[in-house]
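Chemist: kindly generate the corresponding structure for this input.
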Amino acid sequence: MSVYVGNLSYEVTEENLNAVFAEYGSVKRVQLPTDRETGRLRGFGFVEMGTDAEETAAIDALNGAEWMGRDLKVNKAKPREERGSFGGGRSNYGRNNRY
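Modeler: Alright, predicted model coming up:
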């Protein structure tokens, strides 16, 4: 049971986000991804709630709500899509290429 939280302030902490979501139920885990190169927060995160009912209550209450000067985007997280190791694009594997 994971919730996507978008349009977050870059000053948000896991503790801040945990406190807000704890008002709607038990928070199991908070993740705030950072940029690999800069280490800066990416402006979104994920919150894992204890039950579907808690997740729904948090989404209903917080989606579109203003927090830390931003209008939050909160919805059910989608499963991560598998990406190729070379990042999209077409592969020339199996083609008869002539240069």
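
Chemist: so where is this structure shaky, pLDDT-wise?
Modeler: The chain contains residues with pLDDT under 70 at 83-99.

Chemist: which residues in it form helices?
Modeler: 14-22, 52-62 (DSSP state H).

Chemist: buried residues in the shortest one?
Modeler: Burial within helix 14-22, assessed by neighbour count using 16 or more other CB atoms under 10 Å, is assigned to 16-17, 20-21. The way it works is simple: take the backbone N, C-alpha and C, and place the C-beta from them, glycine included.

Chemist: next one: it to chain centre, how far?
Modeler: 14 Å (CA atoms, centre = their mean, to the nearest Å).

Chemist: not counting it itself, show me its contacts.
Modeler: 3, 5, 8, 27, 30-32, 45, 47, 49, 58, 62, 67-68 (CB atoms under 8 Å, 6 or more residues apart in numbering).

Chemist: of all those residues, which two lie farthest apart?
Modeler: Within those, two members stand farthest from each other by CB to CB: M49 and M68, at 20.2 Å.

Chemist: between these two, which is the more surrounded one?
Modeler: M49 (23 against 14; other CB atoms under 10 Å).

Chemist: which residues touch the closest residue to that one other than its chain neighbours?
Modeler: Of all residues not flanking M49 in the chain, E55 sits nearest, at 4.3 Å (CB to CB, 6 or more residues apart in numbering). By CB under 8 Å, 6+ apart, the contact set of E55 is 1-3, 25, 49, 76.

Chemist: now, of these, which are buried?
Modeler: Of the contacts of E55, these count as buried by 16+ other CB under 10 Å: 1, 3, 25, 49.

Chemist: run through the bridge partners of the last one.
Modeler: M49 forms beta bridges with V27, as assigned by DSSP bridges.

Chemist: please renumber the chain so that the first residue is 19 from this point on.
Modeler: Yes, from this point I'll number from 19; that puts the last item at M67.

Chemist: run through the residues that contact the nearest residue to L26 once chain neighbours are set aside.
Modeler: Here the nearest residue to L26 in space, its sequence neighbours aside, is G61; by CB to CB, 6+ apart that works out to 5.4 Å. G61 sits next to 24-26, 28 when contact means CB under 8 Å, 6+ apart.
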